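Enquirer: Sequence and computational prediction follow.
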Amino acid sequence: MSRNLILGTALSSLVVLAAVLSFLWTPYDHTALDIPNKLQPPNATHWLGTDHFGRDMLSMIMVGARTSIAVALVAVGIGMTAGIPLGLTAAARKGMWLDELIMRGNDLVFAFPSLVIAILITAIFGAGAINAIIAIGIFNIPVFARITRGAALSLWEREFIMAARVAGKGAARISAEHILPNVANLLIVQGTIQFSLGILAEAGLSYVGLGAQPPTPSWGRMLADAQTMVSFAPHLALIPGCAIILTVLGLNLMGDGLRDWLDPRIRVART
Amino acid sequence: MGHAFKHTFQAALALSVSLLATQAIAKSDITVAMQLEPPHLDPTSAAAQAIDSVVYTNVFEGLTRFMGDGAIVPGLAESWEISDDGTVYTFKLHDGVTFHDGTTMDGEDVKFSLDRARSEDSANAQKALFSGITEVEVIDPLTVKITLKEPNGNFLFNLAWGDAVIVAPESIDGIKTNPIGTGAFKFAGWVQGDKIDLERNADYWGDQPALEKATFKFISDPTAAFAAVMAEDVDVFSGFPAPENLPQFEADPRFQVLVGSTEGETILSTNNKQPPFDDVRVRQAVAHAIDRQAIVDGAMFGYGTPIGTHFAPHHPAYVDLTGNSAYDPEKAKALLAEAGFADGFETTLHLPPPSYARRGGEIIAAQLAQVGIKAEITNVEWAQWLETVFRGKNFGLTIVSHTEPMDIGIYARPEYYFQYDNPAFQELMTTLNSTTDPDERSKLLGQAQTMISEDYVNGYLFQLAALSVAKAGVQGLWVNAPTAANDLTAVSWAD
């Protein structure tokens, strides 16, 4: 295993651990206001200090991790469940009208700047975590559809697929039993990368006020709230900023590491 | 030769130094930043405060005007006489007043302006100010007689509003983009989305202002506002949006911070027609669940005065009723139980963009949660707020600052968005409107304040502070904001 993979997995697990732990325990109640003790720098009682309402920053970061992960996970889930079958179908019907329909539909969604459309969707249907998930999820669909189709197309030319066809298997069965297992590696790697992009998108939407609504903590909104206070309470911006950077960095390193690790050619060369 | 050169050099140096010095003394332009850009520049046809913030007393003047301390003084009217029964006002106008396009301002313009404001199809945002007028007569070019249906103790105050300024029939068509008034400054240009320029009116009838040019810049983002002031890109920021940054300006000798009061009663507006808020016990419970001081400290960083009713604390008739709704979560829970909501209930909390609402809303939601009321926060933009809350009346709770002066009368309008319908209060307002005796008026105003406070119509939070930052050398700015205005006529630079 590469150093990238170890470091990436460690960072990502830390975030996941913080999120899971927040269900059971946080140092303080993340919604409890303590205005007399606001804007404290990191200290012994509040390890990461307090925000402008005196809320404990560590607790908010932990619960915020939950929001980020939940949004990104469901968004990637939407992208995978819709995108992979679409990609497999398109590959199986290569060059036919169904393939054209799916892929041109994908191009259409791809052509829009994703964050702008996400803002549009949340502006029409109202701000909130659910709408943010849907908005981000929709833009994951073409990503997975395209990558699945691309990988599947070359597989369809291979002999073992021929053998399966000769054995009388239909396109759907071949896709499920032979194509999907062979593109899974690729999809897992892409999933990790989309996951980190989802976290960034959630932070971006929350930053402009269209993500999770208060009092649900969100890293993006914490950043936005801290904006005017950077000059006298820099920890308010630094802490959620670092949380976002480390999470995204961790996921990207993990994605890179996984690709190297799972890639059959490199694996063969290594052994 | 060497000596000659040295002397010339010294003389040149002395000259350039003195030139620099004169330039410093002669600084006669100012850049005033504010958060919101006006939609257009006609103060007589829109409610937008940003219009008045640019044009009031600078470009347009009324018969009377507000001073920075809230006093009403003569404006275009030099003097006036009031008939014994209080229904006929005879105004003597200033002689020699001209509009910026050179036309004379006389009684016909006054009649035109007031008739236009009170007409059936008038777009004036404050038509109620003129509703008592039955007739405006021009006696001679400099004398105007206004007849009222009944005595109105507020009439001179009403005429001072930005909605009552005098406009000319000759220039009315272009007023929205090219305002022509009688003020000390002329409109000089508007770059949409950026700034409005004014320049000194050399033919002004009153005292010439010290400033030759004034620029209003619009900076909506609080972070950008902070940066613009710090970088000295603007000379004044009127209505600074981020109170948390003020201590830094206070500590910086380059700046002065002006903290005054506004007419803005910041309230937790409650939909009195929507269950469960139609039950006074529930409204009272909400009032007792709120810790005002925490909101002032948390949302406004200490700027603001707690209020217990819909009335400005700096007004002589103010009654301190904060005791009626003292912070007492236990009492709030008991009241909720009595009203049948022992387990609390769910409602909505719509928050418009200003930080008093967004931050105040988070604090209130947390405080309400302590007594079992779950208020779901929805952040909205102003347009959406006007649509859903103000016109649609589709809300449970919302936070907003009512910045019109002396606006307790809105509680007498059952169709107004918080829908308080109390005939006793409506009758009280009718009595008040026809009372001119100052002592009697104070008494009635006190009763009105007490009535809405004891009915817990809305959650009364705090009086919005007027927060401005200016460069240290700027003098003559209004500290308080008795009406929306940036009166530049008395502003100058210290030497």
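Expert: Now that the structure is in, tell me what you want to look at. Numbers count the residues shown, from 1 in each chain, chains lettered A, B, ... in the order given.

Enquirer: Which residues of the stretch 151-271 of chain A lie near chain B?
Expert: Among all residues of the stretch 151-271 of chain A, those adjacent to chain B (criterion: CB under 8 Å from any CB of the partner chain) are A:209, A:213, A:214, A:215, A:227, A:228, A:229, A:231, A:232. The C-beta positions use only the backbone N, C-alpha and C, and glycine is treated the same way.

Enquirer: Put the buried members of these into a PyMOL selection.
Expert: Buried members of those, identified by 16 or more other CB atoms under 10 Å in any protein chain shown, are gathered into one PyMOL selection as follows:
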select buried, chain A and resi 209+213+214+215+227+228+229
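
Enquirer: In strands only, show me the residues of the stretch 151-271 of chain A next to chain B.
Expert: Among these, no member falls in strands (DSSP state E).

Enquirer: Make CSV from the residues of the stretch 151-271 of chain A next to chain B and add pLDDT and distance to residue B:241 to it.
Expert: Below are those laid out as CSV (pLDDT from 0 to 100; distance: CB to CB, whole Å):
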residue, pLDDT, distance to residue B:241
A:209, 82, 15
A:213, 84, 21
A:214, 83, 19
A:215, 85, 23
A:227, 89, 11
A:228, 88, 8
A:229, 91, 13
A:231, 87, 15
A:232, 89, 16
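
Enquirer: Find the nearest non-adjacent residue to the residue of the stretch 1-150 of chain A found nearest chain B, please.
Expert: Here the residue of the stretch 1-150 of chain A nearest chain B is residue A:35; by CB to the nearest CB that distance is 4.4 Å. Of all residues beyond its chain neighbours, the one nearest residue A:35 is residue B:298 (4.4 Å), with distances taken as CB to CB, 6 or more residues apart in numbering or on different chains.

Enquirer: tell me the contacts of that neighbour?
Expert: Contacts here follow CB atoms under 8 Å, 6 or more residues apart in numbering or on different chains; on that basis residue B:298 touches A:33, A:35, A:38, A:52, A:53, A:54, B:359, B:360, B:363.

Enquirer: So which residues of the chain form helices?
Expert: Unless you meant another one, I'm taking chain A. Taking DSSP state H, the helices of chain A run over residues A:3-24, A:57-92, A:97-111, A:114-125, A:129-138, A:141-156, A:159-166, A:171-174, A:180-207, A:219-226, A:235-262, A:264-270.

Enquirer: Can you look at chain B instead?
Expert: Along chain B, the segments classed as helices by DSSP H run B:2-25, B:49-55, B:107-118, B:155-159, B:222-230, B:246-250, B:280-289, B:292-300, B:329-338, B:355-370, B:382-385, B:423-433, B:438-454.

Enquirer: nearest to residue B:183, of those?
Expert: Comparing those against residue B:183 with CB to CB, the closest turns out to be helix B:49-55 (7.7 Å).

Enquirer: Take that closest one, keep the C-alpha atoms, and write them as PDB.
Expert: Once side chains and other backbone atoms are set aside, the C-alpha atoms of helix B:49-55 remain, and they are given as PDB (Å, rounded to 0.1, in the frame of the first residue of the first chain):
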ATOM      1  CA  GLN B  49     -35.400  53.800   2.600                       C
ATOM      2  CA  ALA B  50     -32.300  53.800   0.400                       C
ATOM      3  CA  ILE B  51     -33.900  56.500  -1.700                       C
ATOM      4  CA  ASP B  52     -34.300  58.900   1.200                       C
ATOM      5  CA  SER B  53     -30.800  58.000   2.400                       C
ATOM      6  CA  VAL B  54     -29.500  59.600  -0.800                       C
ATOM      7  CA  VAL B  55     -31.900  62.400  -1.600                       C
END
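
Enquirer: Show me the strands in the stretch 51-200 of chain B, by range?
Expert: Here the stretch 51-200 of chain B has its strands, by DSSP state E, counting those that start in this stretch, at B:64-66, B:72-74, B:77-82, B:88-93, B:133-140, B:143-148, B:185-191, B:195-200.

Enquirer: Of those strands, which stretch is the most buried?
Expert: By mean neighbour count, with neighbours taken as mean count of other CB atoms under 10 Å in any protein chain shown, strand B:64-66 ranks first of those at a mean of 24.

Enquirer: ok, it: who's next to it in the sheet?
Expert: Sheet pairing here is set by DSSP bridges, and for strand B:64-66 it gives strand B:72-74 (antiparallel).

Enquirer: I would like the residues contacting the partner strand, please.
Expert: Counting by CB under 8 Å, 6+ apart, strand B:72-74 makes contact with B:63, B:64, B:65, B:66, B:67, B:80, B:156, B:157, B:160, all of which sit outside it.

Enquirer: what's the answer for stretch A:73-83, then?
Expert: Counting contacts by CB under 8 Å, 6+ apart, the residues touching stretch A:73-83 from outside are A:133-134, A:136-146, A:148, A:187, A:191, A:194-195, A:198, A:201-202.

Enquirer: Weed out the non-buried ones from the residues you listed.
Expert: Buried residues within the contacts of stretch A:73-83, counting neighbours by 16+ other CB under 10 Å: A:133-134, A:136-146, A:148, A:187, A:191, A:194-195, A:198, A:201-202.

Enquirer: Excluding sequence neighbours, find me the nearest residue to whichever residue of the stretch 151-271 of chain A sits closest to chain B.
Expert: Distances between the stretch 151-271 of chain A and chain B by CB to the nearest CB are smallest at residue A:228, namely 4.2 Å. Using CB to CB, 6+ apart and skipping residues adjacent in sequence, the residue nearest residue A:228 is residue B:242, 4.2 Å away.

Enquirer: thinking the one you found is in contact with residue B:227, fair?
Expert: No. Using CB atoms under 8 Å, residue B:242 is not in contact with residue B:227, being 11.0 Å away.

Enquirer: show me what contacts residue B:61?
Expert: Applying CB under 8 Å, 6+ apart to residue B:61 gives the contacts B:75, B:76, B:165, B:166, B:181, B:182, B:183.

Enquirer: cutoff 6 Å now
Expert: Under the criterion of CB atoms under 6 Å, 6 or more residues apart in numbering or on different chains, the contact list for residue B:61 reads B:75, B:76, B:182, B:183.

Enquirer: Now stretch B:61-70 - C-alpha only, CSV.
Expert: The C-alpha coordinates for stretch B:61-70 follow below in CSV (Å, rounded to 0.1, in the frame of the first residue of the first chain):
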residue,chain,number,x,y,z
GLU,B,61,-36.7,69.4,0.6
GLY,B,62,-40.2,69.6,2.2
LEU,B,63,-42.1,72.4,3.9
THR,B,64,-40.6,71.2,7.2
ARG,B,65,-37.6,69.0,7.9
PHE,B,66,-36.0,66.7,10.4
MET,B,67,-32.9,67.7,12.2
GLY,B,68,-30.4,65.1,13.3
ASP,B,69,-31.8,65.2,16.8
GLY,B,70,-35.3,64.5,15.6
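
Enquirer: Distance from the chain centre to it, please.
Expert: On the basis of CA atoms, centre = their mean, to the nearest Å, the separation between the geometric centre of stretch B:61-70 and that of its chain is 13 Å.
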